[in-house]
Every structure is written in C-alpha cells, then in structure tokens.
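A.B. asks: one predicted model, sequence on top.
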Amino acid sequence: MKREVRSLSILSLYRLVRIEFFKCLELYILRRDTRVIQELTGAVYHNEYRTIEPESGDYIMFVKGRSVLVKKSVLAGNGILEYLKLEELVKAKAECVAAANKKTGISENDGNSENIKDNMKFTYLFQIETSKGTMKFFLGENDKLPSSLLNICSYEPQNIFREKKPDYMAFAGVTACQLANWYVSTRYCGACGALLEHDKKERMMRCPKCGAMHYPKISPAVIVAVTDSDKLLMTKYAGRAYTKYALIAGFAEIGETIEETVRREVMEEVGLKVKNIRYYKSQPWSFTDTMLFGFFCELDGDDTIRLDEEELSVGKWLRREEIPTEYDGISLTNEMIMRFKNGEHYGS
Ligand SMILES: [Zn+2]
C-alpha cells in the first residue's frame, strides 16, 4: 500500500514537473515574441547620474525636436543603428577650424583635439552595458555640429526606433530624445524665470536664484485590458495617425491612485464599470514622455459600450480568435493584447 502511494506520488510529481516545464517553455516563447522596448537583448541600461566628460569611443547624441542624429548607413534596409562618436565629432570640427583658419589666415585654434573638445559642451545621459563593453551616451549641442557630418549622418524622426535594431541602440535613441527634450524645456526656472544650472549630484536642474529643483518630467498613465470572459475590449484612437487596435489608455490625474485612474478612464472612454483590477507591468514610453502602467481588469455588470467619440473611433468586444495576431516587439499594449489572445494573462 505504502509503495503504491509512493509510486503514485512519484508519477504525479513527474507529471507536474512535465506540465510546469512546458508551461515555462510556452511562457519563454511568448515572452520572446512579446518583448517590449525596454527589455534589452543581452544589455543593461544604467540610469545612474554621473558628472563625467566624454572620452574617445563615447557616443554623442544630437537631438532636434523629436528627431535624433543617426548614421545614414542605418537608413538602408536592415542597417544597424549607429550614432556619432566623440572622435568623429572632434575630427570633423578640427577640419572645419583648419579650413576657416586657412581662409582668414588667422590661427585661432591650432586644431588641437583637446582645445576643440573644451569648446563644446556635453551633457551626460546614461550608459548601456553589453557583453562587448559599456557604451556611454552624452548630449551634444546642435549648433556645434559641423555641417560636413551631415554627409554621413542625418536627423531622423524618433519613430525609426520602433523598428531599427539592435534594440538597445533603439532604446538609447528614444531615451536620449526624451532627455534632450526635457533639458530643452527646463532651461529657465518656472517659479522665478532665472537661468537654471545642472546639479552636480543628480539629474536635476537647480535654480540659483530661488533654489527650486526641477526633476525630469515623467507622466504616469495607464493601459487597461478590460476582459469579459473570452472577450477583450479593443479600441482605436480618433484622429490619430496610429490606426491599429489599442486598449483603453489615459493619464493619471492629481489626487487619484493609479487604480482610480483605471476605473475613471474606462468609465470616461467607454462607459463601463470594472472590477478585479490587477497590475501587470510598467513601461517607460519615451515616445510620449510617459510612464505606462498596464492593468488587466474584468467587466462589472452591463457590457454596453458608450464611446467617447472625441477620444476613440472604435470600441468593441473581440473574442480571442477575432483579435489580429501581430507582435510589434516594442509596446506594452501589444504585449498585453497578445497575452490575452494566447490565453495567458496575468492573475487569471
Ligand atoms: Zn527660481
């Protein structure tokens, strides 16, 4: 009897292990397919602030509005993302100075690379560590960019980072873009109007006049997957270039919890009540300066959709098999949609 029980439990254990193994394998495959932009392949993003100057081999990022300077070679087909390095910038600047000196006959600068570097201002951004080493990224000043470099580089809209590879370089591009825009819009103190100074210890702009501290602007927002049994509430934005299916989304307001944002946004956009709100994961979404919080929740009561037509052009329930299969490999929204479609969503 004892032996039977024992052999049974070993068999059950074996079955359990086998089931768990395949579950893990399935999750791994799904996770690989639904990787989002900040989940870097074999690379680690280091956001810790440093007060260091760039050295040879470091990347200098140039950002104009929502466009970033990239090497032109990336624009051809499956070209690999690459940015300007300090030595390329210094060399081009030296040639530029030498040409100017030749023209005027006055030797203002002997083309010494250290002098040239000292005449430019760089802002430290972040580092990305890969198996090949650590890459450091700095922000350069657009008006110091020698025009000759536009033969090998061009300013490209940030949307290229949705597709271009490798993923850690795309992440670097869009993150640099967000930081650069924050620096551009944080030059003067909002309280007293004085010119701000870079803090020495952290990523913060300090007002020398009134002491106000200005930190990077990060706007929290929710992405909400509202489910009703095997149906998912899917939406399309009104009046936007993005025409694919999305989920309910909206910004947190002052004075509410992030769960209250979920309830309010769902009610405002589609007029539905929800329950069993479960946090899924977050995503820094630099394309719109947002920090996204993904939630799954269930319909509570009546399923009649009352669409806010100013925000949405479509709002409807789709069964798992009706949801289009499309992995964008970048957005939290897409990952959540695909997880629901595959019958694998958090907390259920
Ligand atoms: Zn001030």
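C.D. replies: Received the coordinates, thanks.
A.B. asks: for the stretch 201-348 of the chain, which residues are neighbours of the ion?
C.D. replies: By the rule CB under 5 Å from the ion, the part of the stretch 201-348 of the chain lying against the ion is Cys207, Lys209, Cys210, Ala212. Placement of C-beta: from N, CA and C, glycine included.
A.B. asks: identify the farthest-apart pair in those.
C.D. replies: Using CB to CB, these span at most 8.5 Å, a distance reached by Lys209 and Ala212.
A.B. asks: common neighbours of the two, please.
C.D. replies: With contacts taken as CB atoms under 8 Å, 6 or more residues apart in numbering, the residues that reach both Lys209 and Ala212 are Cys189, Cys192.
A.B. asks: residues touching Val36, list them.
C.D. replies: Per CB under 8 Å, 6+ apart, neighbours of Val36: Gln283, Gly329, Ile330, Ser331, Leu332, Asn334, Glu335.
A.B. asks: ok, now with 6 Å
C.D. replies: When contacts are counted by CB atoms under 6 Å, 6 or more residues apart in numbering, Val36 touches Gln283, Leu332, Glu335.
A.B. asks: considering those residues, which possesses the most neighbours?
C.D. replies: For those, the largest number of neighbours (other CB atoms under 10 Å) sits with Glu335, at 25 neighbours.
A.B. asks: burial measure for Phe62, as a count.
C.D. replies: The burial count for Phe62: 22, using other CB under 10 Å.
A.B. asks: show residues contacting the lengthiest strand in the chain.
C.D. replies: Counting residues, the longest strand found in the chain (DSSP state E) is strand 274-285. Residues from elsewhere that reach strand 274-285 (CB under 6 Å, 6+ apart): 36, 38, 226, 259, 262, 266, 291-298, 300, 332, 346-347.
A.B. asks: list the buried residues in stretch 133-151.
C.D. replies: Met135, Lys136, Phe137, Phe138, Leu139, Gly140, Leu145, Pro146, Leu149 (16 or more other CB atoms under 10 Å).
A.B. asks: oops, could you answer that again for stretch 37-46 instead?
C.D. replies: Ile37, Gln38, Glu39, Leu40, Ala43.
A.B. asks: so which of those residues comes closest to Gly239?
C.D. replies: Closest approach between these and Gly239, by CB to CB: Ile37, at 24.8 Å.
A.B. asks: and the gap between the closest residue to that closest one other than its chain neighbours and Ile160?
C.D. replies: Leaving out its chain neighbours, the residue that sits closest to Ile37 by CB to CB, 6 or more residues apart in numbering is Ile330, at 4.5 Å. The spacing between Ile330 and Ile160, counted by CB to CB, to the nearest Å, is 12 Å.
A.B. asks: what sits up against stretch 140-159?
C.D. replies: With CB under 6 Å, 6+ apart as the test, stretch 140-159 has contacts from 60, 62, 64, 66-67, 69-72, 84, 92-93, 96, 120-121, 174, 177.
A.B. asks: which one's more surrounded, Ile330 and Ile160?
C.D. replies: Shown here are Ile330 and Ile160; by other CB under 10 Å, Ile330 has more neighbours (24 against 17).
A.B. asks: tell me the SS of the more buried one?
C.D. replies: coil (DSSP: H, G, I helix; E, B strand; the rest coil).
A.B. asks: that one touches Glu39, doesn't it?
C.D. replies: No. Using CB atoms under 6 Å, Ile330 is not in contact with Glu39, being 9.7 Å away.
A.B. asks: for the stretch 201-348 of the chain, just list every one of the helices.
C.D. replies: Ranges of helices in the stretch 201-348 of the chain, per DSSP state H, counting those that start in this stretch, are 258-270, 332-341.
A.B. asks: good, wrapping up.
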